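*Asks:* Any chance you can model this:
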Amino acid sequence: MEMLLNIIPINKWFKQLNSKPVIISGPCSAETEQQLLDTANAIKKIGKVQIFRAGIWKPRTRPVDFEGVGEKGLIWLKKVKEQTNLLTTVEVATPEHIEKCLKFGVDILWIGARTTSNPFSINEMTQALKGVDIPVMIKNPINPDINLWIGALERFNKIGIKKLAAIHRGFFPFELTSLRNIPKWEMPIELKSKFHNLPVICDPSHIAGNKKYIYEISQKALDLDMDGLMIETHINPAKALTDSKQQIKPEELKLLLDSLVIRTANPNNFNFINSIEKYREQIDSIDTQLIELLAQRMKIVEQIGVYKKNKDVTILQLSRWEKIINSRIKFGIKQGLSKNFIKRLMQLVHKESIQKQNDIMNN
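*Replies:* Numbering: from 1, shown residues only. Have a look, this model is predicted:
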């Protein structure tokens, strides 16, 4: 059973957020006081950024990596706010993080993808925020589980947090792709469809993993009527201690923001998010993933072809093919697809696989 989220629109959180899109920017990590102040002052001059972000505690995969400066970074962030009048936001993962952010006057909290994936952690943090009126932005979980995402939003809303937003930062890919995280645009679209009043911010930096894709992803997010962007910006990305490839310089941020086309939802359609164009965007996203996965499959087919050639083994392994076709048809039927469709699809894939291995055998 789904709850109705009682949400205050993002343009009513602070007077600085009265225009769309909301732009959040700043370095992946606070590294030094000077780095933070220089970045913030350069961002302020752009005139289009309302919220300054910085990682104070960095949940890293390995402890040998830089894990943030900790509490002293909040002192620097307070100076940023005093000098620039930008709102500030920080990722929190524990009740202690929340306590320290409130102590130093951080304006907005955000929950990272790893934390969203753990309901126990979410519960602990909601207890720390009972009776506190502060906006909370929640990133999608690492894996594409929309119920985990919704559950985190519901838990904060249940204890009285009404200034809520979702952050779409993409999902960890099963196999490596050109992007750091698969966008799966159908997920934030579905979230918007379920909760029409929920602000959704896109994080193109974490989807891209490389600055050359950030503009394209940012424009796509705005075309999907998302409410804002969170873009990582560093005064000197080449020397950044974390995620240097996906951070851009303040001057690059200015060019990007100036180049974005801001479109409005179709005024003749009351529920634009459910229009035919939104469904087409979902199809485009899924098709891209299908093609990437098929390309990965063919690379494995080629590796098998080389192995067969070296071992003088025939291309066609009839028992293996029969096992594939039967298991895929059975699985496809469970997913609501027709037997004939799955059979034709697998035959086409198998034909291409045979051709690739044949080319290897005869070269």
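*Asks:* Identify the structural domains in the protein and state their residue ranges.
*Replies:* The chain breaks down by automatic domain parsing into domains covering 10-274, 277-361.
*Asks:* CSV please, covering the ones you listed and showing mean neighbour count.
*Replies:* (C-beta placed from N, C-alpha, C; glycine too.) Converted to CSV, these look like this (neighbours: other Cβ atoms under 10 Å):
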stretch, mean neighbour count
domain 10-274, 18
domain 277-361, 13
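*Asks:* Let's have those domains in TSV, adding distance to L4 and mean pLDDT.
*Replies:* Converted to TSV, the domains of the chain look like this (distance: least, Cβ to Cβ, whole Å; pLDDT from 0 to 100):
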stretch	distance to L4	mean pLDDT
domain 10-274	8	93
domain 277-361	21	91
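*Asks:* can you map out the helices along the stretch 151-300 of the chain?
*Replies:* Assigned by DSSP state H, counting those that start in this stretch, the stretch 151-300 of the chain shows helices spanning 186-194, 204-208, 214-223, 250-259, 276-311.
*Asks:* Looking at those helices, which is nearest to L86?
*Replies:* Among these, the nearest to L86 by Cβ to Cβ is helix 250-259 (12.7 Å).
*Asks:* List of residues touching that closest one?
*Replies:* Outside helix 250-259, the residues that touch it by Cβ atoms under 8 Å, 6 or more residues apart in numbering are 23, 25, 39, 42-43, 45-46, 48-49, 211, 214-215, 218, 231, 233, 235, 248.
*Asks:* That helix versus helix 214-223: what angle between them?
*Replies:* Taking axes from the mean of the first three to the mean of the last three Cα atoms, to 10 degrees, helix 250-259 and helix 214-223 form an angle of 40 degrees between their directions.
*Asks:* Output helix 250-259 as CSV, nothing but the C-alphas.
*Replies:* Taking Å, rounded to 0.1, in the frame of the first residue of the first chain, the C-alpha atoms of helix 250-259 are listed here in CSV:
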residue,chain,number,x,y,z
PRO,A,250,33.3,27.0,-12.9
GLU,A,251,33.8,28.5,-16.4
GLU,A,252,32.7,25.2,-18.0
LEU,A,253,29.6,25.2,-15.8
LYS,A,254,28.7,28.7,-17.0
LEU,A,255,29.0,27.6,-20.6
LEU,A,256,26.9,24.6,-19.9
LEU,A,257,24.1,26.5,-18.1
ASP,A,258,24.1,29.2,-20.8
SER,A,259,23.7,26.5,-23.5
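*Asks:* Just to check, A240 is in contact with I248?
*Replies:* No - shown here, A240 and I248 do not form a contact pair, counting by Cβ atoms under 8 Å, at 10.6 Å.
*Asks:* Overlap in contacts, the two.
*Replies:* Taking Cβ under 8 Å, 6+ apart as the criterion, A240 and I248 both touch H234.
*Asks:* if we can go back for a sec, sitting in strands, which of the contacts of helix 250-259 do you find?
*Replies:* Of the contacts of helix 250-259, the ones assigned to strands by DSSP state E are 23, 25, 231.
*Asks:* need those residues in CSV with distance to S259, can you?
*Replies:* Listed next are the ones in strands among the contacts of helix 250-259 as CSV, based on distance: Cβ to Cβ, whole Å:
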residue, distance to S259
I23, 13
S25, 15
I231, 13
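*Asks:* Relative to S117, which of those residues is nearest.
*Replies:* After measuring those against S117 - Cβ to Cβ - the closest member comes out as I231, at 23.4 Å.
*Asks:* State the distance from the closest residue to that closest one other than its chain neighbours to D225.
*Replies:* Closest residue to I231 apart from its sequence neighbours, by Cβ to Cβ, 6 or more residues apart in numbering: S25 at 5.0 Å. Look at S25 and D225: by Cβ to Cβ, to the nearest Å, they are 21 Å apart.
*Asks:* Give me the distance between the residue lying closest to I108 once chain neighbours are set aside and K308.
*Replies:* Closest residue in space to I108, ignoring its immediate chain neighbours: T89 at 4.0 Å, by Cβ to Cβ, 6+ apart. Per Cβ to Cβ, T89 is found 55 Å from K308.
*Asks:* what does I10 give?
*Replies:* According to Cβ to Cβ, I10 and K308 sit 57 Å apart.
*Asks:* Kindly report the same for T84.
*Replies:* T84 is 63 Å from K308, by Cβ to Cβ.
*Asks:* With I333 instead?
*Replies:* I333 sits 31 Å away from K308, taking Cβ to Cβ as the criterion.
*Asks:* same thing with L257?
*Replies:* The spacing between L257 and K308, counted by Cβ to Cβ, is 53 Å.
*Asks:* what does K323 give?
*Replies:* 17 Å.
*Asks:* Ends of stretch 98-117, what's the gap?
*Replies:* Using Cα to Cα, to the nearest Å, the span of stretch 98-117 from its first residue to its last is 18 Å.
*Asks:* likewise stretch 179-199?
*Replies:* Terminal residues of stretch 179-199 lie 24 Å apart, using Cα to Cα.
*Asks:* Return the distance of that stretch from the chain's centre.
*Replies:* Here stretch 179-199 is found 9 Å from its chain centre; the criterion is Cα atoms, centre = their mean, to the nearest Å.
*Asks:* Also stretch 334-341?
*Replies:* So, by Cα atoms, centre = their mean, the centroid of stretch 334-341 is 31 Å from its chain's centroid.
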